[in-house]
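Asker: return atomic coordinates for the entry below.
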Amino acid sequence: MTRPPQIKWIVSGALAVVAAWSVSFTTWPAELLALPLTVYQPPRPADVVIVLGAGARKHPSSGKGQTRDPLPPQAKERIIRGAGLIQQGYAPAMIVAGGYSKQSGYVEAQLMKPFAVSRGIAPAQIIAEDQSKNTWENAVNSLAVMQRNGWQSALVVTSSYHTLRACAIFRKLQADVRCIAAPLNTIPTDTVYERLTDFRSVVREYGALVYNLVQGRL
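Answerer: From the prediction side, this is the model:
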């Protein structure tokens with residue numbers, strides 16, 4: 001028996017509403033999509049921790065009369081994970097990698113370093129790599145910092161969905177690295193905006209993988 005056309009539209013609309021609600025008000029869609037992109041590796045002693053930037057943003061207000069922090073939750077999660085590795089004795093130094101963002105007007109590394117200090121890392125332990133604009137440049141520039149300091153091995157910290165591509169790029173450059181996944185959602189986010197941003201980041205990562213494959217970077 002064929003369903004009336006209006007029933008199909010009602011069912012399709014209901015499914016669309018459920019999907020939109022799930023993405024906006026829960027975290028599981030982003031976490032589920034991130035699973036195939038995530039590399040889980042236990043940490044090991046290394047010469048340095050490299051924390052990759054997750055962008056910077058400039059919003060005049062959070063909508064509640066407060067200025068929004070230009071350092072997004074994903075970046076904070078990465079720094080927190082990297083700081084924890086140093087405090088656990090896995091490495092003595094940290095590179096925070098991220099350059100100028102045209103969209104926000106900020107330099108990522110200059111935002112990341114003070115936050116790392118706030119997490120208990122001494123300023124002298126942190127090197128700001130502030131020239132890179134993408135993951136490939138993060139790797140190239142961070143490895144140049146390592147070479148200047150005589151460092152041979154690194155723990156690369158990034159968001160879970162970004163570990164597959166980041167590790168592949170570093171290893172394409174013959175780097176001795178181990179990728180450490182920072183969690184996506186442990187910093188409390190009370191806005192739909194944050195959840196949609198996480199979901200969009202994961203979806204875009206699939207496109208970034210294809211692009212980097214075409215560019216021969218993986």
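
Asker: what about residue 167, how many neighbours?
Answerer: 21 (other Cβ atoms under 10 Å). In short, each C-beta sits where N, CA and C put it, glycine included.

Asker: the one 10 residues further on now?
Answerer: The tally of other residues near residue 177 (other Cβ under 10 Å) stands at 23.

Asker: what's the answer for residue 88, then?
Answerer: Neighbour tally, residue 88, other Cβ under 10 Å: 9.

Asker: what's the spacing between it and residue 180?
Answerer: 11 Å (Cβ to Cβ, to the nearest Å).

Asker: mutual contacts of those two, please.
Answerer: residue 43 (Cβ atoms under 8 Å, 6 or more residues apart in numbering).

Asker: so where do the strands sit in the protein?
Answerer: 48-52, 94-97, 126-129, 153-159, 176-182 (DSSP state E).

Asker: tell me the most buried of those strands?
Answerer: Comparing the strands of the chain by mean neighbour count (mean count of other Cβ atoms under 10 Å), strand 48-52 comes out on top with a mean of 30.

Asker: give me the average confidence score over that one.
Answerer: Averaging pLDDT along strand 48-52 gives 98.

Asker: in stretch 207-218, what counts as buried?
Answerer: By 16 or more other Cβ atoms under 10 Å, the buried positions in stretch 207-218 come out as 208, 209, 212, 217, 218.

Asker: for this structure, which residue occupies the most central location?
Answerer: By Cα atoms, centre = their mean, the mean C-alpha position of the chain lies nearest to residue 159, the distance being 3.9 Å.

Asker: what sits against the residue nearest to residue 158 when sequence neighbours are not counted?
Answerer: In space, and not counting its chain neighbours, residue 158 is closest to residue 52: 4.3 Å by Cβ to Cβ, 6 or more residues apart in numbering. By Cβ under 8 Å, 6+ apart, the contact set of residue 52 is 78, 97, 98, 135, 138, 156, 157, 158, 162, 166.

Asker: and residue 52, bridged to which residues?
Answerer: Residue 52 has these beta-bridge partners by DSSP bridges: residue 97.

Asker: show me where the chain dips below the pLDDT cut-off.
Answerer: Within the chain, the stretches with pLDDT under 70 are 1-26, 59-68, 186-190.

Asker: list phi and psi for residue 88.
Answerer: Residue 88 adopts backbone torsions of phi -90, psi 0, taken as degrees, to the nearest 10.

Asker: enumerate every residue touching it.
Answerer: Residue 88 is in contact with residue 43, counting by Cβ under 8 Å, 6+ apart.

Asker: cutoff 6 Å now
Answerer: Contacts for residue 88 (Cβ atoms under 6 Å, 6 or more residues apart in numbering) come out as none.

Asker: next: residue 167.
Answerer: 39, 179.

Asker: measure it to residue 138 for me?
Answerer: For residue 167, the distance to residue 138 (Cβ to Cβ) stands at 12 Å.

Asker: and if you look at residue 126?
Answerer: Residue 126 is 15 Å from residue 138, by Cβ to Cβ.
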